[in-house]
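A.B. asks: turn this into a model:
(2 chains)
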Amino acid sequence: MEKTISVTVNGRVQRKTVPIRMLLVDFLRDELGLTGTHVGCTYEGRCGACTVVLDGNATKSCMVLAVQADGHRVVTVEGLEEFANAPGELHPIQNGFWERHGLQCGYCTPGMMMTIFDILATNVREGSPELTDEAIRQSLVGNICRCTGYSHIVEAVQSAAAQLRGMDPEERAAWFDTAKLEGTRS
Amino acid sequence: MVQLAPVETYHAPVSLTECLECLAGGEDNMVLLAGGLAIMPLLKNRSLRPNVLVDLSGVAELRRREIEADGTLVLGAMRRHREVYDDPLVRTRWSALADATSAIGDLQVQNRGTIGGNVVFGTVLTDLKQVAMCLDASLRIVGRAGNRKVSARDAFGDAAHALLAPDELLESMAFPAPPPGSGSAYRKFGITTNGRPVIGVAASLTIGADGICTGASIVIGGLVPAPCDARIAAQVLIGQSVDHEVIAHAAKAAAEEIKPQSDGRASAAYRRQLVRAIGQDALNDAWQRAIGTS
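C.D. replies: Modelled structure (predicted):
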């Protein structure tokens, strides 16, 4: 009925005994208190607000059991600031949302940011933080914003990509280096 | 909060042998998780109340991607959709497969969903069955009684044909190397963006140096009880010098050849219209790819 798992969340190893049936989203919110990961629909995997980055891939945390994350790395919206070099410094994704007013009520924002983390990380790995608006929209199909503020969200991603283009490749990669998180926090 | 019914045991096997041992364990109330995207909703609404859950994602053999000596592409059943369409070789040689995997659900689904889960899960409304049939794929199935191979056309073309015995597992799908001068494509229409196909058309064409079509396959999904291998429509293309007019004619033939159902998502007439429209697009893409212009 229960299993002891060890999940690296935002660079910290979290060892807990949880019911097998516990969803990853509930583990993050209720066990770890990381309530930045939201539940927007009734756990049907429709809204994308619970998106986290699991081993580098944007994943809806309501569609995965906590036990399935055993031995894996999870980054939540709370983890974004951990990539910064100084306290108070924002991740380029957060900065993009700030600059372009990429949110209204903010409920969908954590999920949006974590999906964007995946697409920008892939982009940076491939060496070109260039994205068309159409590609951004396509990537965000699984994240619903019921304020319908999509235009500003696309602009926010473009703003984040522009910031990344202005950096040297090493600095750019550091914003997505989850191993770096573990180095600073273990 | 939505909770699954209590689960007694969770297994995360790391080898195929271990998987088969789990299957042979005699547990009749066991559920296998591939990507889990189709199963998880059924666990949450308690249509399924398993005692045992087996997660296949740790089995490296099921994630493999190999090109065999004869050019056959072998993809493990647990290969995720995004891994498939991110593969440059798949995009150029088995384009219909790349088209289809990049149009299954959203990015989060593509990151998690697997090709095996898509074809094994018991709904007819999937994308990869028609693609596997169109590309002449075969399925490699492992079980305690031994391994066997079945063609996708046989397995998916006949709904009465159960794909797996209770103690069997889909190990991989094998896509033969397309003949020179071939191109393939997949187009679909869903109620929402990248939703389950109301109609999905997989097309593959082989074009000789003289522009004459020497091979064609059109397989249409979104139909009950099984995808339709539109052989009459394919014959419209074979032996012809392909152009937009011949393609439109073939798509029309395909629309006449299917026996579409009417349901809450589309009427039979609308399904025929969809086949005419997106069938033409799929054939055009396949043609352009075959003659190397895209």
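
A.B. asks: tell me the contacts of the residue nearest in space to the middle of chain A?
C.D. replies: Note on chain A: the residue nearest the mean C-alpha position is A:Met114, at 2.3 Å, using C-alpha atoms, centre = their mean. When contacts are counted by C-beta atoms under 8 Å, 6 or more residues apart in numbering or on different chains, A:Met114 touches A:Thr51, A:Val52, A:Val53, A:Ala58, A:Val75, A:Thr76, A:Val77. For every residue, glycine as well, the C-beta is placed using N, CA and C.

A.B. asks: filter the residues you listed by proximity to chain B?
C.D. replies: A:Thr51, A:Ala58 (C-beta under 8 Å from any C-beta of the partner chain).

A.B. asks: so which of the contacts of A:Met114 wins on neighbours?
C.D. replies: Greatest neighbour count in the contacts of A:Met114, by other C-beta atoms under 10 Å in any protein chain shown, goes to A:Thr51: 34 neighbours.

A.B. asks: the closest residue to that residue other than its chain neighbours: which element?
C.D. replies: Leaving aside its sequence neighbours, A:Thr51 sits nearest to A:Gly111 (C-beta to C-beta, 6 or more residues apart in numbering or on different chains; 3.9 Å). Counting by DSSP states H and E, the element that carries A:Gly111 is helix A:109-125.

A.B. asks: residues of the helix or strand that that helix is followed by that come out buried?
C.D. replies: Sequence order places helix A:133-139 as the next helix or strand after helix A:109-125, per DSSP H and E. For helix A:133-139, a neighbour-count test (16 or more other C-beta atoms under 10 Å in any protein chain shown) marks A:Ile136, A:Arg137, A:Gln138, A:Ser139 as buried.

A.B. asks: what's the answer for stretch B:203-213, then?
C.D. replies: Residues of stretch B:203-213 classed as buried: B:Ala203, B:Ser204, B:Leu205, B:Thr206, B:Ile207, B:Cys213 (neighbour count, 16+ other C-beta under 10 Å).

A.B. asks: stretch B:181-198 now?
C.D. replies: So, applying 16+ other C-beta under 10 Å, buried residues of stretch B:181-198: B:181-190, B:194-198.

A.B. asks: packing partners for the helix or strand bottoming out on mean pLDDT in chain B?
C.D. replies: Sorting the helices and strands of chain B by mean pLDDT, DSSP states H and E puts helix B:16-24 at the bottom, at a mean of 89. Packing partners of helix B:16-24 (3 or more C-beta pairs under 8 Å, 6 or more residues apart in numbering or on different chains; DSSP states H and E): strand B:52-55, strand B:138-143, strand B:168-175.

A.B. asks: pick the most deeply packed of the ones you listed.
C.D. replies: strand B:168-175 (a mean of 23; mean count of other C-beta atoms under 10 Å in any protein chain shown).

A.B. asks: name the nearest residue to B:Ala165, ignoring sequence neighbours.
C.D. replies: Using C-beta to C-beta, 6+ apart, the closest residue to B:Ala165 is B:Gly143 (6.2 Å).

A.B. asks: got it, and B:Val246?
C.D. replies: B:Gln240 (4.9 Å).

A.B. asks: gap between that neighbour and B:Ile258?
C.D. replies: Separation of B:Gln240 from B:Ile258 (C-beta to C-beta, to the nearest Å): 21 Å.
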